[in-house]
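Trainee: With the input below, show me the fold.
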Amino acid sequence: MGKAKSAVESQVVLLRRAWEFVRRARSRIGISEVYVVGSRARVITRT
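Mentor: Numbering: from 1, shown residues only. Okay, the predicted model is just below:
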């Protein structure tokens, strides 16, 4: 369970960082969707 708990905690940290990034970036660029896959985040901008 130690590795699983650590993995979940890492994902929580990732999601919090991604949310803060999107929140700050949203004021500068138009963001319509955000996908978090594994340990990588993608931001789709409006065109």
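
Trainee: and the most centrally placed residue in the chain, what helix or strand is that in?
Mentor: Nearest to the geometric centre of the chain sits residue 18, at 2.9 Å (C-alpha atoms, centre = their mean). Using DSSP states H and E, residue 18 sits in helix 2-26.

Trainee: what mean pLDDT does that helix have?
Mentor: Helix 2-26 shows a mean pLDDT of 82.

Trainee: From the chain's centroid, how far away is it?
Mentor: In this view, helix 2-26 has its centroid 6 Å away from the chain centroid, taken as C-alpha atoms, centre = their mean, to the nearest Å.

Trainee: If you count contacts, what does it end up packed against?
Mentor: Contact here means 3 or more C-beta pairs under 8 Å, 6 or more residues apart in numbering; DSSP states H and E; on that basis helix 2-26 packs against strand 31-37, strand 40-45. C-beta: built from backbone N, CA, C; applies to glycine.

Trainee: mean pLDDT for the ones you listed: which is lowest?
Mentor: Sorting the helices and strands packed on helix 2-26 by mean pLDDT places strand 40-45 lowest, at a mean of 58.

Trainee: what number of residues lie near residue 7?
Mentor: As a burial measure, residue 7 scores 11 neighbours (other C-beta atoms under 10 Å).

Trainee: Correction: the previous question concerned residue 15.
Mentor: Using other C-beta under 10 Å, the number of residues around residue 15 comes to 12.

Trainee: same thing with residue 6?
Mentor: Look at residue 6: counted by other C-beta under 10 Å, it has 10 neighbours.

Trainee: same deal with residue 25?
Mentor: Quick note: residue 25 (other C-beta under 10 Å) scores 14 neighbours.

Trainee: Next: residue 26.
Mentor: By the criterion of other C-beta under 10 Å, residue 26 has 12 neighbours.

Trainee: Repeat that for residue 22.
Mentor: 13.

Trainee: Could you find the closest non-adjacent residue to it?
Mentor: Nearest non-adjacent residue to residue 22, counting by C-beta to C-beta, 6 or more residues apart in numbering: residue 34, 5.4 Å away.
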